[in-house]
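Chemist: My questions concern the predicted model and sequence given below.
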Amino acid sequence: MNLFNVFETITQVDPEFNERVSPRREAIRNMASFGKKVTLAAMPFMISDLFKKAYGQTPTDVNGVLNYALTLEYLEAEYYTLGAAASNLVPSGRPMGAITTIRDHEVAHVNFLKQVLGDKAVSKPTFDFTAGGTFANVFSDYDTFLALAQAFEDTGVRAYKGQAAILKGNKVVLTAALQIHSVEARHASHIRQMRRARGGAAANQKPWITGANDSGIGAVVDPIYAGEDNKVQASVDITSLNGVGGKVSVNAATQSFDEPLTAAAVLDIAQLFIK
């Protein structure tokens with residue numbers, strides 16, 4: 001991802017942005033030198049880190065959250081647009097139908113958020129999904145394309161959920177954000193099933209999250225799934241409850257409840273990948 005283009009777009013909203021982040025420019029430049037696995041986990045969080053470096057805090061108002069979401073939607077919309085257009089990448093038939101449908105959903109999300117934000121909306125950054133050549137095959141190797149798509153989708157679902165509280169004072173926007181969140185969850189589920197159909201490392205992939213990091217991508221994406229092995233909800237240990245044929249299993253307990261990922265957690269994760 002070209003982070004310096006992101007600087008330019010955010011600066012249009014906050015002219016002092018460059019001064020805020022200048023001490024961290026070298027760290028951000030170093031992202032380009034990361035290896036393949038690190039970049040796979042870090043890419044969904046790079047935009048988030050800019051906000052923390054600039055403001056020293058997570059988004060605290062409706063516009064901040066919506067621009068946070070808009071940047072992620074920009075990323076997803078362009079990712080699927082390029083993937084659908086890439087020659088001989090996505091197989092024809094049902095796979096292409098799914099990818100183009102998801103693309104259209106993400107484009108609709110972008111247009112909605114831009115409409116709500118009006119002149120407060122940040123501009124779309126210029127993305128480099130190869131991460132400076134690290135993922136040179138992202139638009140030529142279908143498995144790489146789907147793996148990165150799952151990383152984006154699973155992160156996005158948790159990020160949306162974690163921001164809901166800030167939007168609670170604006171019921172119209174909150175309702176729309178929750179509607180987007182549920183669609184993103186469906187995307188994540190379907191991408192997981194598409195990866196399972198490919199076999200290999202993703203052969204045991206399920207459409208829901210089981211425990212912490214069932215992605216088949218590897219330990220590098222553990223931060224995306226941190227906390228998903230929680231089996232206690234509202235002080236109730238779900239495994240202490242009766243299920244069919246006995247107590248609820250740990251797997252069933254973690255599958256039955258999704259966990260939010262706060263903006264602060266997303267930003268902290270991003271820092272792990274900055275030299």
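Modeler: Looks like it arrived, so ask away.
Chemist: in the protein, which spans are strands?
Modeler: 232-233, 236-237, 242-243, 246-247 (DSSP state E).
Chemist: Go through these and find the least confident stretch.
Modeler: Of all the strands of the chain, the minimum mean pLDDT falls on strand 242-243 (a mean of 89).
Chemist: Residues contacting that one, please?
Modeler: 248-249, 252 (Cβ atoms under 8 Å, 6 or more residues apart in numbering). Yep, even glycine has a C-beta here, placed from its N, CA and C like the rest.
Chemist: If we use 7 Å, what do you get?
Modeler: Ala252 (Cβ atoms under 7 Å, 6 or more residues apart in numbering).
Chemist: the helices in the stretch 151-275 of the chain, which residues?
Modeler: 171-198, 250-256, 263-271 (DSSP state H, counting those that start in this stretch).
Chemist: so who does the residue lying closest to Lys231 once chain neighbours are set aside touch?
Modeler: In space, and not counting its chain neighbours, Lys231 is closest to Ala253: 4.1 Å by Cβ to Cβ, 6 or more residues apart in numbering. The contact partners of Ala253, taken as Cβ under 7 Å, 6+ apart, are 231, 238-239.
Chemist: before we move on, what about Ile191?
Modeler: So Ile191 contacts 146, 149-150, 153 (Cβ under 7 Å, 6+ apart).
Chemist: before we move on, back to that, so can I have TSV of the strands of the chain showing mean neighbour count?
Modeler: What follows is these, written out as TSV (neighbours: other Cβ atoms under 10 Å):
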stretch	mean neighbour count
strand 232-233	12
strand 236-237	11
strand 242-243	10
strand 246-247	10
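Chemist: Now the residue lying farthest from the centre of the chain, what are its backbone angles?
Modeler: Distance from the C-alpha centroid of the chain peaks at Gly245, with 36.7 Å (Cα atoms, centre = their mean). For Gly245, the backbone dihedrals (degrees, to the nearest 10) come out as phi 80, psi 20.
Chemist: any idea how far it lies from Thr239?
Modeler: Per Cβ to Cβ, to the nearest Å, Gly245 is found 14 Å from Thr239.
Chemist: check contacts around Ile238.
Modeler: With Cβ under 7 Å, 6+ apart, Ile238 has these contacts: 231, 248, 253, 256.
Chemist: Check what pLDDT the spatially closest residue to it that is not a sequence neighbour gets.
Modeler: Residue nearest to Ile238 in three dimensions, not counting chain neighbours: Ala253, with 3.7 Å by Cβ to Cβ, 6+ apart. We have a pLDDT of 93 for Ala253.
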